[in-house]
Structure formats: C-alpha cells, structure tokens
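Chemist: Sequence and predicted structure below; questions after.
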Amino acid sequence: MTEKLSYRFGRNEKLKSRKAIEQLFARGKSFNLFPYRIVWQFTNETGALKAGVSAGSRHFKKATDRNRIKRLSREVYRINKHKLYNQLIVENKGMHVFFLYQGKELPDYIFLKEKMEAAINKLVKLCNEKRETNS
RNA sequence: UCUAUCAGCCGGCUAUCGCUUUAUUCUUAGGAAUAGAGAGGAAAGUCCGGACAGCAAAGGGCAACAUACCGGUUAACAGCCGGCUUUUUGGCAAAACCAAAAAAGAGACAGUGCCACAGAAAAUAACUAUCCCGUUACAUUCGGGAAAAAGGUGAAAACGUGAGGUAAGAGCUCACGGCAACUAUUGGUAACAAUACUUGCGGGUAAACCUUAUGUGCUGUAAUGCCACGUAAACCAGCGUUUGAGGGCGGCUCGUCCGAGUUGGAGGGUAGGCAGCUAGAUUUUAGCAGUAAUGCUAAGGCAAGAUAAAUGAUAGCCACCCCGAUUAUUUCGGGGCAACAGAAUCCGGCUUAUGGCUGAUAGAUUUU
RNA sequence: GGUCCUUUGGCCGAGUGGCUAGGCACAGCUCUGCAAAAGCUUUUACAGCGGUUCGAAUCCGCUAGGGACCU
C-alpha cells in the first residue's frame, strides 16, 4: 500500500525554502558519485524526505539542456526514492538531499537510472552506519 | 532535378507512473476524488518603440542622448509601405535606356581640426621651371617685374576640348560641353524633374568636433500596493532643529515643496504570503477603401501563469521519412521520429539561430 | 528580470584613423665539464562578420565570449 504512494513527488517533497537550502549547503555533508555530487542532512521531522536537483549553467549554457537534466534527474529520483523513504521511517528521522549534476555531457535515462540507484543505496547505507555509531 | 524568396504544418492513439493550475465536491486547512487546461516562430538577444506603475506638480534653462530625402501608415518607433536622388552590378562597344541590389541620404558658402608615404604644393599660399627689363661681349649668376598655365606623385591636384589672344601665359575672350547656385514657368501634396535666363566654377572627411531642425522628465513588474513575522525606537562618531541638516530616483542650475531628523561605523532581525498576473493596439476568413503598408465592417476561433521555477519518463501501435529484398501496386525486415530551441508583466517591430515536408512564384539545366 | 563594462601572441600589457610598442614565457645560439644566471636572435596577435573612409586595432552596426552591479 505504501508502494502506490511512494511514486509521488509532490510539492511538499521538494526543497523550496531558500533558508533551508542555505542551511543544507552550509552544514550538510556531501559525497561524490559521478555524475552527481550529493549534499545531505538529517532533520528531526519523521518521514520528511525533501529533495532538490540542479544543473549548473557553467557546463550547460542552454536552458533547454538544463531543464532536460533536471527533468530526468527528478524522474529517476521519483522512481527510486522509496527505499530511502522506508529506511527513514525505520530510523524515525527526516532528511534533506540535494543532487548537483556535475557531468559535462547530456546524459540518457538508463545511465542516470543506474547512478541514482547507486546513490540511493549509499544514502541508505549511511543511515545504517549512523544508527550503529549512535547506538 | 537544383537554387532563391514567400506562406503553412511539424505528429496521433493506448497503457503505467508523475508535475503545475482552474472549477466542483468531500474532508478539514495538510490534502483527496472527478472533469478541463498546460510552451514558440523565434519564448532568445535586449537593439528600438509603447501599454501599465511609482516619483508632490512632472515646471524653466543648460548639458546629455536619439533621429535626419519626401509622403503615407501606426498607440508609438531607428519599424513597415510607396516615391525621389545617388552609387554599384548586369544587359550594350560606349552613352541613353532597362533590370536588380544597396544607401546613418540635412549642412563642408558658420567655425575648428585631420588628410600618413609620395609629391613643388593637401588648400592663405610658397618653390622649381617660364617670360620681360637691367647688369654682362653672350650665356650663367645676381637684382626688379609679369602671370598663376606646366612640374612624372598620389585615393584625391585648382572645370574639359579646340581656337583666339599675349613679351610669355592665363576662363583673359570666344565656340561646344560639364557642374553648381539664384530667379521664373510647367508637372507633382512634397522630395524632385524639365525648360528658360542670369551668375559662378580652388578637394575630401560630419560613421571627426560641430551647426541647424525635431523629439525625449526619470526609473522600471525584483515597479508598486497590502498583510504577516521578527529585532535594537538600543550603541559609537559627524552635521543639524527656523541662522534649515537632509530629502523630493541619472548630472548641473533656477524655481518650488516637505522638513526634524539624517549620514557613516560595528552589530542584530527578516528574506513568507496576497494583489499586480494574464481577454486583447488578439487572430482567421469574407467584403469594402487604398498602388501598398494599413484601416473599417461582419462572422467565427483562441486564450499557460510557474517562483530552487510545471508542461515529463518508459513501453507499444498507427501515420510519415530513409535503406534493403521482391515484378510495378502490394508485402516483409531494419532504422529514425527530428533542426534551432523552454514562457517569467504584456504587446508592436528589428536582429540572430534553425532540420524536414507541402504549396506558389522566379531563375538555371536535362528530356519530350 | 533589468542596467552597464570589456575582448590585442602561451601570459601580462601600451597604442591621436597611416608599419601593432614593451615585459615574462617558449625555441635556438654564445658562455659552462654540466646546469642556473647573463647576453644575442627568432616565432607566435588586434574575438567574428559587415559598413563609413584613399586607408580601420581605433569610428559605426550586428553577433559571439568574458565580467560587474541592482535584490
């Protein structure tokens, strides 16, 4: 039953507040997983998983290309985020995540899908480690 | 078949999942269900022009900026349409003429500046050479005078050709021709064109400064108005309270208005929401006016509104295109599904980027 | 979204419309047993297109790239 809900990616699950984003970049932790750089941070609200996506205008000058990357990234995140969500429910925590596209070429769907799965797995793993060290 | 110009179009359906928004209903302020809508010709560049909003009123002058043949069009324009003139190219041996293209196309008889190299000289004019007179046996040299023609250069050189004239020469005079200006007449709304008369012929550059004429108040939807939240109405320093600090959104100044605070430092807080915000100088067709741009009338159609920023992903089928097999149609298999590109207040233009298909026109080539 | 500025060799940087200075770097030579330093020599440029002009790095227009400011 939660499977059906988990494919949604609505307004409340996007990082919108400018303040929250600034805090995330100031205090959050990060790791690189090509082509993404992932910035993340725990929050206290249970099950509040918020995410954002960006593609810099340094490598992609045209707005069309940037839109394309952001759309594909959002789509791929939407399909794969349920693992992370379930893990957070178990952990009783929330999380802010930001995906920065760092590559220099336009990706395709299959490539991004593989990379996003790997990234989500790594985030889930990080959750586990955190619990172990905490407890 | 190719090239150029103009006009139009660029996928459709199904399934699964998803985004933004509108209406209704439900639940309750978080949302859910149903139905509908959801990106271009350039949405881009921000190069022009407006609408709209604010600045007390939107005032004078200077400065600054823009425009610059004429007429029309428009809400407005540096846009568009038509005409004039000039230049270039082609047709022709050349001119006239025709066709096409381009023009930031006012003024160089207001003034200032610049014109490298070469050349006597790049504009008052000077120099060389020429001629005459004096000196001298003659010539040279030297002194005085004449006139402004000749001087190889250069992108550009003092109206051109011929004749007369003269000591030698010279638009000095004459004939033919060229150019410019004034005036008159005719045609044209006008720019301008043609003709006649008179006068005069010493260059270019205004996309150098500039002059003249005309226009522009400035800032821009992150404008502006409202609501909510929060801090420090505190601290230090300067100036000032009618002897007026400071301010009134580009600069200076005049005028005028507000006026008790204001400027800087260090530091603190907030960075949320609503309106503006999408239905209009709109578009298609027909008729009328006009050479045209465009305008008027009638009927119909259309109509995104996000804010870390929506319009997407996957799979399949059809349509379309390409390639291969097959005897043409057909059928089968494989591939592609397009280029340039993504609204951010809205319009009218301009510029730039652009693949494919269809139609029209023009040109070229081949075949009949 | 809006308002402006700028572009000259590999790098920095000057340049009234008339042959694009200079410095560093690179390369070669001299010097040295070898290098460094020093000296000499050479190569490589006006962002692109179009216009005005006899002639554009310069003036004008368009395009491209880079940068700054407004919050």
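Modeler: Received, thanks. Numbers count the residues shown, from 1 in each chain, chains lettered A, B, ... in the order given.

Chemist: CA atoms for contacts and neighbours, from now on please.
Modeler: Will do.

Chemist: Which SSE is immediately downstream of the helix-or-strand element of chain A with minimal mean pLDDT?
Modeler: Lowest on mean pLDDT, DSSP states H and E among the helices and strands of chain A sits helix A:2-6, with a mean of 42. Reading on from helix A:2-6 to the C-terminus, the next helix or strand found by DSSP states H and E is helix A:18-27.

Chemist: Just list what that next one packs against, helices and strands only.
Modeler: If contacts are counted by 3 or more C-alpha pairs under 8 Å, 6 or more residues apart in numbering; DSSP states H and E, helix A:18-27 sits against strand A:36-43.

Chemist: one more time with 7 Å, if that's ok
Modeler: If contacts are counted by 3 or more C-alpha pairs under 7 Å, 6 or more residues apart in numbering; DSSP states H and E, helix A:18-27 sits against no helix or strand.

Chemist: Next secondary structure element downstream of it?
Modeler: Following helix A:18-27 toward the C-terminus (DSSP H and E): strand A:29-33.

Chemist: Give the pairing partners of that next one; include direction for each.
Modeler: Strand A:29-33 has its sheet partners listed here by DSSP bridges as strand A:36-43 (antiparallel).

Chemist: now the helix or strand just after the strand it pairs with against helix A:18-27, angle please.
Modeler: Tracing the chain past strand A:36-43, the next element assigned as helix or strand by DSSP H and E is strand A:49-55. Here strand A:49-55 runs at 80 degrees with respect to helix A:18-27, directions being taken by axes from the mean of the first three to the mean of the last three C-alpha atoms, to 10 degrees.

Chemist: average model confidence for strand A:49-55?
Modeler: Throughout strand A:49-55, pLDDT has a mean value of 80.
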